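1. Below: sequence and its predicted model.
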Amino acid sequence: MKSSPPQKQGTIARQNSQNTATISVASTNSISRGGSSGQHTGTSSYATSTNIWAKLLGGNESVWDGLSGREDLYDDPDEGLDENNDLISTKSRYEDEGICGTAPLKLCCLSTWYETRHFFRTLWKHPVIILVSLAVFGLVCGLGMWAVESERESYVKDRMDTAKFVARETADYFANEFRRSMVPLYALREAIQYSGYFDALPDLIGNYPANLQAENVAILGGDMTQRNITGICDQPEVLDNWKSMVTKISDEHDLNGLIFRYRLWPKNVACLEFKGGNAMMDSGMDASESPHPFWSQVVIDIQVDNWEGLHVFGPFQAELPFGVADVFCTHIPLWTSTTGENAFKDVVNVQGTPVQNVWGFTMLYLNWSEMKKRSNMYERFEDVNMEFELFREEEPRLGDVGPKGLPTKEMTKLAWSEQADKLNESNSVEIKTESLHGIWINRVGVVGDSGWNPEWWPAAVASVVVGAFILMVLTAMTMVKSYLHKDLVKRMLPKQAIRKLQRGQTVVEKYNIVTVFFADIVGYTGAAGSMRPAQVMKMLNELYTELDKLAEKHQVYKVETVGNQYMVVAGAPHRVTGRVGAQRVALFALDAINFVSKYQTKEGDKILIRAGMASGPTVAGVVGQAMPRYCFFGETVDYASKMESTSKKMKIQVSEMTYRLLLDCVNLKFVMTKRMEGGIAGVEIKGKGQQITFWIEKASPCERCFELATGSFALVPCGHIMCAACNEKYKMFPCPTCRCKVDDRVEWKGKPTKIVDESVEVEHAPHFDEEAGLTSEQVL
């Protein structure tokens, strides 16, 4: 017989041989025996102590006696990070590195790394945490954005309403002031027509070319035809009457400073003007005959085209005693009432068009700069932090230039702030107002990157997102802690027990048929005697962690681990039939023995266990309130414990009840042998006498699966054998024996071969499917 190094379950190892091949199947099908074919003599290279702790610490001494005098007993040569179990040695590292060294920082970093990794592992394990956290993020973001957006809309509405109010108020102010400023012109027209002071001036000036002085005289904006009005318009009486009339009208309407100049044009000739408180003779320009584009258009508009209302033009710049100012000029025609035979005397040739009853026209100049100053409009818009632009809706109709030769298109803008050019449809509102000057539009808005939006809006949005993210993280952290707590409690207690404990109820449950399993570490090999307690703890943790995985795989319930002893049950707390429970525990026991037989520590040491099973009724419950544990009570539990204590190393002893339940299993066949000691069946059980017990050897779906026949299949990676019929039956399922996922199924094409307990040499050389990549040297 050849001995081979232990192989992990599910691996296929190669062993070269010239004439023979060795086949070792998974030990779920074959259990290694500790002695010769019937009896266990107890004489082997394995230590036989029943308590690994007592053996490790020296004979019958207590733990503390064994530790006395050994200062290095708890020293761990592998002290530090355990990547598999996330363990940090409890030995203080400050002894070597000092309190001021880097050890605190290292421990802090390690702790942070473990917490972070554990946090994300829990998130991955419980996707509901991610979903709920994202839902919290979305909900908080939604509510926050709704609140911010509502506040923003309210703020924008208030700002726009303020802009509209200020724009309308400003436009109305200017329209009213502009209208009030034009009233003196109407009063002046009535005074000229009804006072009689200037009735003789049209006749004295006469129609063109009477009193012609010069033609094509160059002035600003064009040329003029000049009439000689000396001795006509400079008469003292005429000047006194003109000054008295204008001064009285101006004082009555309180427009000093706004209306700074008046002019009178009999026969459309510039005759009289009033400015600076003085009356004087004007330039004598004949607007009817002058080719000047502005003045010719004025007389055409008011006398030929019968302009309705006041004829207003501007604003344009003019030199005033205190500097340059923006001004408006307003014209109103004067007509005579002459009819009959003398009507032809009042016919004036206006730019080539004869117009009857023309007396002339009068005009005034409005200081637009002063009106803007008195309105405090710039301060008003600055107070509300807004920009504005006041302009006419229609473009001027007076040709290409104004009275000073400036382009008329520039005169559509009436007033504006410094950054008015940055206003557009998106950041401003427009208010239209009717005035004597046509339709005025006041555009008011807010310039800048945010526009109407408040300056705090981007920061508020960012705060909402950050706040939602923080709440999401806090929610995730809270839920992670909650789920960690729930997972821990669920691993300690069944769900129904947890619910009852949470309600303050007593947890007591009766089960009619339960299969109980006990296992205990009873020996070790190699240098395990020199292992320190910390190393033993790590070893036991690794061992029992794998057993926990097997328990979960076979759907059995782990009850507890006390010292070296490991206990599981089936049929409770999740009720199943007796046969199903016994089958699950038996398969678990076979898998556990198989795993332990292949398990090695880092130092190459092996562990030996013994196991026992019993079936029957039990009572389970939680006793006490402090540190609650779900415990099982009853004769069945005691009997299972005695099955374990009277068992042998690396063997599974079962009671007669469990034996009968396993025989009744439908989907699996168990090979079990009656225990014989010195020709006597069974074993002596304290308090029960001689009891018939059995050893579980192996299990397969059917009896044909216990041998390698042509057409049989070896499952990869677990190594179990199935006949062709069972392979077809379980083709879409995991391995029915160990419940492992099947990665491949390798067909056996050699001669029929019995599967034996240990690796054996056979006369023939077996052959697997070559297409599967397996040769005769391959072993399971």
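-> Thanks, I have it.
2. Tell me which stretches of the stretch 151-300 of the chain form strands.
-> Taking DSSP state E, counting those that start in this stretch to define them, one finds strands in the stretch 151-300 of the chain at 212-219, 222-227, 259-266, 272-275, 278-281.
3. partners of the last one in the sheet?
-> As defined by DSSP bridges, the strand partners of strand 278-281 come to strand 272-275 (antiparallel).
4. can you check the first one too?
-> Using DSSP bridges, strand 212-219 pairs in its sheet with strand 222-227 (antiparallel).
5. Buried ones in the partner strand, by neighbour count?
-> For strand 222-227, a neighbour-count test (16 or more other C-beta atoms under 10 Å) marks 222, 224, 225, 226, 227 as buried. (Each C-beta comes from the backbone N, C-alpha and C, glycine too.)
6. how about residue 713, what does it touch?
-> For residue 713, the contacting residues are 721, 722, 723, 724, 727, 745, 746, 747, 748, by C-beta atoms under 8 Å, 6 or more residues apart in numbering.
7. So of those, which two are at opposite extremes in space?
-> Within those, 723 and 746 form the most distant pair, 13.8 Å apart (C-beta to C-beta).
8. Give me the neighbour count for the nearest residue to residue 403 once chain neighbours are set aside.
-> Nearest residue to residue 403 in three dimensions, chain neighbours excluded: residue 294, at 4.8 Å (C-beta to C-beta, 6 or more residues apart in numbering). When neighbours are defined as other C-beta atoms under 10 Å, residue 294 has 24 of them.
9. Give me the distance between residue 294 and residue 313.
-> 8 Å (C-beta to C-beta, to the nearest Å).
10. residues in contact with the closest residue to residue 557 other than its chain neighbours?
-> Closest residue to residue 557 in three dimensions, ignoring its sequence neighbours and counting by C-beta to C-beta, 6+ apart: residue 569, at 5.3 Å. Residues near residue 569 by C-beta under 8 Å, 6+ apart: 514, 515, 516, 517, 556, 557, 559, 581, 585, 618, 632.
11. and the residue lying closest to residue 704 once chain neighbours are set aside, how many residues sit next to it?
-> Spatial nearest neighbour of residue 704, excluding adjacent residues (C-beta to C-beta, 6+ apart): residue 723 at 4.0 Å. By other C-beta under 10 Å, 22 other residues sit near residue 723.
12. I'd say residue 723 and residue 715 touch.
-> No. The criterion here is C-beta atoms under 8 Å, and residue 723 misses it with residue 715 at 11.9 Å.
13. What's opposite residue 358 in the beta bridge?
-> Applying DSSP bridges, one finds that residue 358 bridges with residue 335.
14. I'd say it and residue 304 touch.
-> No. Contact criterion C-beta under 8 Å: residue 358 and residue 304 do not qualify, at 9.8 Å.
15. re earlier: give me the element the residue nearest to residue 557 is part of.
-> Here residue 569, judged by DSSP states H and E, is contained in strand 565-570.
16. Return the following helix or strand past that strand as CSV; C-alpha atoms alone will do.
-> Going down the chain from strand 565-570, the next helix or strand is helix 578-598, by DSSP H and E. The C-alpha trace of helix 578-598 is given here as CSV (Å, rounded to 0.1, in the frame of the first residue of the first chain):
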residue,chain,number,x,y,z
GLY,A,578,-36.7,12.0,10.6
ARG,A,579,-35.2,10.4,7.4
VAL,A,580,-34.2,13.8,5.9
GLY,A,581,-32.7,15.0,9.2
ALA,A,582,-30.7,11.8,9.7
GLN,A,583,-29.5,11.9,6.0
ARG,A,584,-28.3,15.5,6.3
VAL,A,585,-26.4,14.9,9.6
ALA,A,586,-24.9,11.7,8.2
LEU,A,587,-23.7,13.5,5.0
PHE,A,588,-22.3,16.3,7.1
ALA,A,589,-20.5,13.8,9.4
LEU,A,590,-18.9,12.1,6.4
ASP,A,591,-17.8,15.4,4.9
ALA,A,592,-16.5,16.5,8.3
ILE,A,593,-14.4,13.3,8.7
ASN,A,594,-13.2,13.7,5.1
PHE,A,595,-12.1,17.3,5.7
VAL,A,596,-10.4,16.6,9.0
SER,A,597,-8.5,13.7,7.5
LYS,A,598,-7.0,16.1,4.9
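17. So for helix 578-598, what gets flagged as buried?
-> Buried, per 16+ other C-beta under 10 Å, within helix 578-598: 578-598.
18. how far off helix 578-598 does the following helix or strand past that helix point, in degrees?
-> The helix or strand immediately downstream of helix 578-598 is strand 607-622, counting by DSSP H and E. Going by axes from the mean of the first three to the mean of the last three C-alpha atoms, to 10 degrees, strand 607-622 is angled at 150 degrees with respect to helix 578-598.
19. what pairs with strand 607-622, and is each one parallel or antiparallel?
-> In the sheet, strand 607-622 lines up with strand 508-524 (antiparallel), strand 630-633 (antiparallel), strand 652-655 (parallel) (DSSP bridges).
20. Quick one: distance of that strand to the chain centre.
-> The chain centroid and the centroid of strand 607-622 are separated by 51 Å under C-alpha atoms, centre = their mean, to the nearest Å.
21. oh, and call the first residue 539 from now on, that's how I've got it
-> Fine by me, first position is 539 from now on; the one you just mentioned is strand 1145-1160.
22. and that strand, average pLDDT?
-> Averaged across strand 1145-1160, pLDDT comes to 92.
23. Report the inter-axis angle for it versus strand 1103-1108.
-> Using the same axes, to 10 degrees: strand 1145-1160 against strand 1103-1108 is 60 degrees.
24. For strand 1145-1160, C-alpha coordinates in PDB please.
-> Taking C-alpha atoms only, strand 1145-1160 is exported to PDB below (Å, rounded to 0.1, in the frame of the first residue of the first chain):
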ATOM      1  CA  ILE A1145      -6.000  16.700  14.000                       C
ATOM      2  CA  LEU A1146      -8.000  13.600  14.900                       C
ATOM      3  CA  ILE A1147     -11.700  13.600  15.800                       C
ATOM      4  CA  ARG A1148     -14.400  11.100  16.800                       C
ATOM      5  CA  ALA A1149     -18.100  11.500  16.100                       C
ATOM      6  CA  GLY A1150     -21.400  10.100  17.300                       C
ATOM      7  CA  MET A1151     -25.000  10.500  16.200                       C
ATOM      8  CA  ALA A1152     -28.400   9.700  17.700                       C
ATOM      9  CA  SER A1153     -32.000  10.400  16.800                       C
ATOM     10  CA  GLY A1154     -35.100  10.900  18.800                       C
ATOM     11  CA  PRO A1155     -37.300  13.500  20.500                       C
ATOM     12  CA  THR A1156     -35.900  16.600  22.100                       C
ATOM     13  CA  VAL A1157     -36.900  19.800  23.700                       C
ATOM     14  CA  ALA A1158     -35.200  23.100  22.800                       C
ATOM     15  CA  GLY A1159     -35.300  26.500  24.200                       C
ATOM     16  CA  VAL A1160     -33.500  29.500  25.700                       C
END
